[in-house]
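**Q** Structure for this input, please:
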Amino acid sequence: MYKFKKEFLTFLNIFSNNLNLDLLIRATGQNLFLPFYHTVSNQELIHIKHLYPVRDEKRFKEDLHFLLKHFKPIAVDELSEIASGEKSADENSFFLSFDDGLSEIYDVIAPILKEMGIPAAFFVNSSFVDNKELFYRFKCSILVESIQSKPTSEAVQAKIDEVLVKHSNSTQSPVQRILAIKYDQKGVLDEIGALLEVDFAEYLNSNKPYLTTQQIEGLIEDGFVIGAHSEDHPEYSCLSLEEQLSQTQCSMQFLNEKFKIDSKLFSFPFTDYGVSKDFFRNIFDTGNNIADISFGSAGLKKESFSNHFHRVAMDSSNLPAEKIIATEYLYYLLKAPFGKNSIART
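**A** Predicted structure coming up:
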């Protein structure tokens, strides 16, 4: 389903150049837009290089100027009022967020947002704060870079194939198979790292890709909001309900204990696809008090839970903001006659 959407959106981009965004917004009735990014950098980031495009500072600023031209930035307090029904999103508004808690948030992104007067929420994984661990997908990218940039002996290649054949489609290349590794297979990446003499601990120590405790405290002092993004970024559809709740609650508890954060915001790692009603009932239950607002990444969508919001990934391609946003609204309009803009959970 995701692959079809991506291909269809790519097709729709052809028609997005001459679309009037304000007319599209009015036609859809979707005044609230929630863009999200992961990071922004003028430097090559090896741990991300083979996963998705990274916006440079120039393109990021252009995106923000476009958003400000068509939408009013809102803070989490106003979003909470919309979630609770105290306020409706009558005015074109956007709520900006960033996933994965990467260090560029402090060094690059926050200074730009402060200069432009844009509030934002930054979602962190509790296991990665202070560079304690490395996201398994980042390990994939580092390994791919090692394979492509350094010669590998036939003996090592054979050993890598031997490890991979147990977990993936042997007809694919080693690079494809590494990038296809799932959360429950992540131990394989350490085996391959050892064969390639890639030291992930050294990479963490040298590159420090994640926010530190001190940096997070600085962001909070500057008025930004910090939310949870699970402990170590699993795919929730592959977890049991108990595991989903544990990942969520533990990451929220970490923020409360370490930073005394009152607002309870949670952003799903990867996607909320396949997550049941029971999960949302549990986290929003006032007795459990796990989360106040949660965020998915399904694009412009209607949701049965008023305090769950869907966002649009702005770094899934190299396209400028105007094309990404116009295409997303056009896609929403085209699906409307078929009733495909609402998520039905079981």
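
**Q** give me the element Ile242 is part of.
**A** Actually, residue 242 is Glu rather than Ile. Using DSSP states H and E, Glu242 falls within helix 241-259.

**Q** Tell me how far Glu221 lies from Tyr236.
**A** Distance check for Glu221 against Tyr236: by Cβ to Cβ, to the nearest Å, it reads 32 Å. In short, each C-beta sits where N, CA and C put it, glycine included.

**Q** ok, the spatially most central residue of the chain - contacts?
**A** Of all residues in the chain, the one closest to the mean position by Cα atoms, centre = their mean is Asp99, 4.3 Å from it. Residues in contact with Asp99 (Cβ atoms under 8 Å, 6 or more residues apart in numbering) are Phe36, Tyr37, His38, Phe123, His229, Ser267, Pro269.

**Q** The residues you listed: which two are farthest apart?
**A** Tyr37 and Pro269 (15.0 Å; Cβ to Cβ).

**Q** what about Glu221 and Tyr236, which has more around it?
**A** Tyr236 (22 against 8; other Cβ atoms under 10 Å).

**Q** Pretty sure that one sits against Phe266.
**A** No - counting by Cβ atoms under 8 Å, Tyr236 stays clear of Phe266, with 11.0 Å between them.

**Q** intersection of neighbour lists for the two?
**A** By Cβ under 8 Å, 6+ apart, no residue touches both Tyr236 and Phe266.

**Q** now the strands for the stretch 1-150 of the chain?
**A** For the stretch 1-150 of the chain, the strands defined by DSSP state E, counting those that start in this stretch cover 32-33, 35-37, 72-73, 93-94, 96-98, 120-124.

**Q** Name the SS class of Thr286, please.
**A** Of the three states, Thr286 takes coil under DSSP: H, G, I helix; E, B strand; the rest coil.

**Q** Next, count neighbours for it.
**A** Number of residues near Thr286 (other Cβ under 10 Å) recorded here: 5.

**Q** just Ser240 next, same as before
**A** Ser240, neighbours per other Cβ under 10 Å, totals 8.

**Q** Please apply the same query to Gly117.
**A** Gly117 is flanked by 8 other residues according to other Cβ under 10 Å.

**Q** now it, nearest residue through space, not along the chain?
**A** Among residues not flanking Gly117 along the chain, Pro73 sits closest, at 7.4 Å (Cβ to Cβ, 6 or more residues apart in numbering).

**Q** Isn't that neighbour up against Leu96?
**A** Yes - applying Cβ under 8 Å, one finds Pro73 in contact with Leu96, separated by 6.7 Å.

**Q** I'd like the distance between Leu45 and Ile293.
**A** 29 Å.

**Q** Residue ranges in the stretch 151-300 of the chain under the pLDDT threshold?
**A** The stretch 151-300 of the chain contains residues with pLDDT under 70 at 169.

**Q** circling back: out of everything not next to it in sequence, what's closest to the residue nearest to the centre of the chain?
**A** Going by Cβ to Cβ, 6+ apart, Asp99 has Phe123 as its nearest residue, at 5.0 Å.

**Q** Give me the neighbour count for that neighbour.
**A** Phe123 has 26 nearby residues by other Cβ under 10 Å.

**Q** Over to Gly223?
**A** Neighbours of Gly223 under the rule other Cβ under 10 Å: 12.

**Q** What of Leu96?
**A** Residues lying near Leu96 (other Cβ under 10 Å) number 25.

**Q** Apart from its chain neighbours, what residue comes closest to it?
**A** Setting aside the residues directly before and after it, Leu96 is nearest to Ala120 in space (Cβ to Cβ, 6+ apart), at 4.4 Å.

**Q** show me what contacts that neighbour?
**A** Leu96, Ser97, Phe98, Ile109, Ala110, Leu113, Phe224, Val225 are the contacts of Ala120 under Cβ under 8 Å, 6+ apart.

**Q** All set, thanks.
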